[in-house]
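Visitor: Fold the following, please.
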Amino acid sequence: MKYFEYVYIVLAIMTMIFMATEYDNLPTSTVGLLMFAIFLFSFMFVFRRRQRIRVDEYMEEERRKLEAELEEEDK
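Guide: Have a look, this model is predicted:
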């Protein structure tokens, strides 16, 4: 689950490819829906990536604090 956000970018790319290959055969409403899906997948990729990076930084800081506490206890 650590790199789950890449599923969203893959879905966005697959949707773009589908829309590019089938554009002439699709009604306008479907094209609009596909464009919204591409936007949504891209947004979710960016959102989840930023969220994961923040959590990783928080966990690293907590690990450092615990290590510092253990070092102080050993002294």
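Visitor: ok, residue 9 - contacts?
Guide: Each residue near residue 9 by C-beta atoms under 8 Å, 6 or more residues apart in numbering is listed here: 41-42, 45. Just so you know, the C-beta spots here come from the backbone N, C-alpha and C atoms, and that holds for glycine as well.
Visitor: what's the following helix or strand after the helix or strand hosting it?
Guide: Element membership of residue 9, judged by DSSP states H and E, is helix 5-22. Using DSSP H and E, the helix or strand that follows helix 5-22 in sequence is helix 28-74.
Visitor: what's the offset of that following helix from the middle of its chain?
Guide: Its chain's C-alpha centre lies 7 Å from the corresponding centre of helix 28-74 when counted by C-alpha atoms, centre = their mean, to the nearest Å.
Visitor: swap in stretch 21-38?
Guide: In terms of C-alpha atoms, centre = their mean, the gap separating the centre of stretch 21-38 from the centre of its chain is 23 Å.
Visitor: coming back round to it: so for the helix holding residue 9, what gets flagged as buried?
Guide: Judged by neighbour count using 16 or more other C-beta atoms under 10 Å, the buried positions of helix 5-22 are 5, 8-9, 11-12, 15-16, 19.
Visitor: relative to helix 28-74, how tilted is it?
Guide: Angle of helix 5-22 versus helix 28-74, following axes from the mean of the first three to the mean of the last three C-alpha atoms, to 10 degrees, is 160 degrees.
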